Every structure is written in structure tokens, then in C-alpha cells.
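Asker: structure, please.
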Amino acid sequence: PESTWIDTRVRVVSDSLRGLINAWRYLPQQEGLQPELNEAELFQAIHFASYPRRVTDVQIVVYANRHHKNLDLLQHHAPFPVKILRQEGDWKGTLDKLIGYWTYLKTINDDDVIVFLDAFDVFPNGLDGHELLRRS
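Answerer: Sure thing, here's the model as predicted:
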């Protein structure tokens, strides 16, 4: 059997994409965005385009009934923007958190991916957009 790089089916697809990829490299620049895509960004764009659904935004959402130093750490080191839902008033239990999450979900786009973190000591490790899309 042929190896992947000389497989006829793979070669036909790669040949058909080559012109598009060269054009895509400069598309951000043509749209007024500087600079053109580097190799890593181009690979990421192609990789994300291979998923069946388009994601417009990825966010980490955590519910906090009080401030905790780990929230600052999370905001500085998380791979995606962090939204902290804060509770006003006294903590009455888990139902407060569920209502907070539900209320927030009604405000976002249907194509957004939301990662809920359940506690102050939970941190994403090695998590990227591709891992999320493979699992969604």
C-alpha cells in the first residue's frame, strides 16, 4: 500500500487545496489585518475549518459566591477568556449556582462553547479549542 504522502486520494485533495491555501495566507492582510498568517496560524485555521460546526467564541465560566485568590490566577493563566458569575446576597446552595449558569446561558450565542469550572481549585490543563471540538 502507498504511504499517506503519496496516496492518490490524499494527493488529489492536497493539489486542489494548494491554491486556496496560498490565497488564504494573505487574506487577513487584504482585509486590513496585519500581518499575513504565519504557518502555525494557517494550520490552526485549516484545522478549525475541518470541524462540522463553527465556533464563534470559547469562554470559561465559573460561579463564585465570594472572591478567592485562585480566580485571579485563573484569569491570568486560562487558555480562554474567563467570565466570573458573582452572586449577590447570601449563598443558599447549589440551586443559586444553577440559576446563575442558566441565566448566563440565555445571553450567549448558540455557537459559543462554554467550559464550566465548578470550583476555585479547578484549572484547565492542556485544554485547547481542538480538544473542545473533538468532544462536543
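
Asker: which stretches of this protein have low pLDDT?
Answerer: Within the chain, the segments meeting pLDDT under 70 span 1-5, 55, 125-136.

Asker: 90 instead?
Answerer: The chain contains residues with pLDDT under 90 at 1-60, 64-81, 86-97, 99-100, 109-136.

Asker: quick one: contacts for Pro24?
Answerer: Careful, residue 24 is Trp; it's not Pro. Taking CB atoms under 8 Å, 6 or more residues apart in numbering, we find Trp24 in contact with Leu37, Leu42, Ala45. (Glycine included, C-beta is placed from N, CA and C.)

Asker: so what's the residue count around the second one?
Answerer: Put plainly, it is Leu42. 15 (other CB atoms under 10 Å).

Asker: contacts only, for it.
Answerer: Counting by CB under 8 Å, 6+ apart, the residues that Leu42 touches are Ile21, Trp24, Arg25.

Asker: the last one and Pro35 touch, don't they?
Answerer: This means Arg25. No - look at Arg25 against Pro35 with CB atoms under 8 Å: they stay out of range, at 10.4 Å.

Asker: more crowded one of the two?
Answerer: Higher neighbour count among Arg25 and Pro35: Arg25, with 16 against 9, using other CB under 10 Å.

Asker: am I right that that one is in a helix?
Answerer: Yes - assessed by DSSP: H, G, I helix; E, B strand; the rest coil, Arg25 belongs to a helix.

Asker: residues making contact with the longest strand belonging to the chain?
Answerer: Secondary structure of the chain per DSSP state E: the longest strand is strand 58-64. If you take CB under 8 Å, 6+ apart as the criterion, strand 58-64 is touched by 71, 74, 78, 80-87, 97, 100-101, 104, 108, 112-118, 120, 122, 124, 129, 132.

Asker: if we go to 6 Å?
Answerer: If you take CB atoms under 6 Å, 6 or more residues apart in numbering as the criterion, strand 58-64 is touched by 78, 80-86, 97, 100, 113-117, 129.
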